[in-house]
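K.L.:
have a look at this prediction, sequence included:
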Amino acid sequence: ARPIIAIVGRPNVGKSTIFNRIVGDRLAIVEDKPGVTRDRLYGVGEWLNQSFSVIDTGGIEIDEEDAILKSVRIQAELAIEEADVIVFMVDAKAGVTPSDEEVAQLLFRSKKPVVLAVNKVDNLQRQDEIYEFYSLGFGDPIAISGSHGIGIGDLLEAACSHF
Ligand code: GDP
Ligand code: MG
């Protein structure tokens, strides 16, 4: 079986954008069971000669703070169980939010390796935007931009180093 990378984070940080960049059209399975797993997308990615599965834990996005936190928590827990490596995604433009801290708590408790990816660093001149994310406690944040295709190789390099 391929090793599994799960992309975890609150809604709107860019998980699906990055998932699509990594997976392209190699969408393996779309979960279609009733219940909480229905919105998880599975795909196949490759970095150098390593192939792996990717989970987009996008999930249920409801316009209510408690519901968002709850759905993020459930999705993150499911992904933690399945994954070999977790990509914890946050948003440089939004900064650290309470929902990010909520996800961080969950990931801390897991024994899985976590790679912290700061998305929406659209301009490499703006690398200073990543420093505040050290406060989440997952070490060096990796600057990426899903819309500009920046940093994806660095992210996959870091993730695959844990297989
Ligand atoms: P998800 O909810 O975490 O899956 O996030 P999405 O992938 O749906 O993206 C949420 C929003 O952020 C969309 O409007 C995307 O176009 C935008 N977005 C994603 N990646 C980037 C990025 O690198 N830079 C900027 N500026 N916007 C982005
Ligand atoms: Mg999504």
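P.N.:
Thanks, I have the structure now. Ligands and ions are numbered 1, 2, ... in the order given.
K.L.:
unless I'm mixing things up, residue 50 is touching residue 161, no?
P.N.:
No: using CB atoms under 8 Å, residue 50 is not in contact with residue 161, being 10.0 Å away. To be clear about C-beta, it is placed using only N, CA and C from the backbone, and glycine gets the same treatment.
K.L.:
higher neighbour count, those two?
P.N.:
Legend: neighbour count by other CB atoms under 10 Å for residue 50 and residue 161, higher for residue 50 (13 against 10).
K.L.:
neighbours around the spatially closest residue to that one that is not a sequence neighbour, how many?
P.N.:
Once flanking residues are discounted, residue 50 sits nearest to residue 160: 5.1 Å by CB to CB, 6 or more residues apart in numbering. Using other CB under 10 Å, residue 160 is surrounded by 20 other residues.
K.L.:
mind showing which ranges of the protein have poor pLDDT?
P.N.:
28-40, 58-73, 75-76 (pLDDT under 70).
K.L.:
show me where it has strands.
P.N.:
Secondary structure of the chain (DSSP state E): strands located at 4-8, 27-30, 41-47, 50-56, 85-91, 114-119, 142-143.
K.L.:
how about the ones you listed in CSV, adding distance to ligand 2?
P.N.:
Shown next, in CSV, are the strands of the chain (distance: least, CB to the ion, whole Å):
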stretch, distance to ligand 2
strand 4-8, 9
strand 27-30, 13
strand 41-47, 8
strand 50-56, 6
strand 85-91, 10
strand 114-119, 12
strand 142-143, 19
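K.L.:
adding distance to residue 150, write these out as JSON lines.
P.N.:
As requested, the strands of the chain are arranged in JSON lines below (distance: least, CB to CB, whole Å):
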{"stretch": "strand 4-8", "distance to residue 150": "17"}
{"stretch": "strand 27-30", "distance to residue 150": "23"}
{"stretch": "strand 41-47", "distance to residue 150": "16"}
{"stretch": "strand 50-56", "distance to residue 150": "18"}
{"stretch": "strand 85-91", "distance to residue 150": "14"}
{"stretch": "strand 114-119", "distance to residue 150": "10"}
{"stretch": "strand 142-143", "distance to residue 150": "7"}
